[in-house]
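Q: predicted model and sequence below, questions to follow.
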Amino acid sequence: MANVRIRAAAGLMIAVLSVLGAASALAATATKPIRYVCESAPELLVMRTANKASVHFGTKTYDLRREASSIGAKYISRNAALIVDGRSAVFVSDDQLQLGTCLQASRMSFAK
């Protein structure tokens, strides 16, 4: 009888862990895009998770991985880097070097 209870408990634990794992994987991939307005260029659209970021600028998309940083959240790839600190972001790539500081856009900045 105790053996049946242990097996039932183990099965229930495995089911709960599977559901929790799927929920955390979904949360890690489900991000809300954030718009940044830059000093010398149009806006950036950034989507971040705990481990990666995707930057959309013009017609290009840059996929970056998170690296340890003492200033803000740093994401890098072979040809681009993004540092986000509060509402500010700095983005550079092989083909975009002079964007300046970018600030997170508020909803009001899009009103016309």
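A: Received, thanks.

Q: switch to C-alpha atoms for all contacts and neighbour counts from now on
A: Fine.

Q: so which bits of stretch 46-59 are buried?
A: If you call a residue buried by 16 or more other Cα atoms under 10 Å, then stretch 46-59 has these buried ones: 46-48, 52-57.

Q: ok, now which ones touch S93?
A: By Cα atoms under 8 Å, 6 or more residues apart in numbering, the contact set of S93 is 79-81.

Q: mind doing that once more with 6 Å?
A: 79-80 (Cα atoms under 6 Å, 6 or more residues apart in numbering).

Q: swap in L45?
A: Counted by Cα under 6 Å, 6+ apart, L45 has contacts 34-35, 55-56.

Q: how does it look with 8 Å?
A: Contacts of L45 by Cα under 8 Å, 6+ apart are 33-36, 55-57.

Q: re earlier: how about the buried residues of stretch 46-59, which pair is most distant?
A: K52 and F57 (16.4 Å; Cα to Cα).

Q: quick one, strands of this protein?
A: For the chain, the strands defined by DSSP state E occupy 34-38, 41-48, 52-57, 60-67, 73-76, 80-85, 88-93, 101-104.

Q: any chance of those in TSV, with mean pLDDT too?
A: Shown next, in TSV, are the strands of the chain (pLDDT from 0 to 100):
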stretch	mean pLDDT
strand 34-38	92
strand 41-48	87
strand 52-57	94
strand 60-67	95
strand 73-76	96
strand 80-85	94
strand 88-93	92
strand 101-104	91
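
Q: please parse this structure into its domains.
A: Domain ranges of the chain: 1-30, 34-110, per automatic domain parsing.

Q: quick one: mean pLDDT for the shortest one?
A: Translated: domain 1-30. Averaged across domain 1-30, pLDDT comes to 43.
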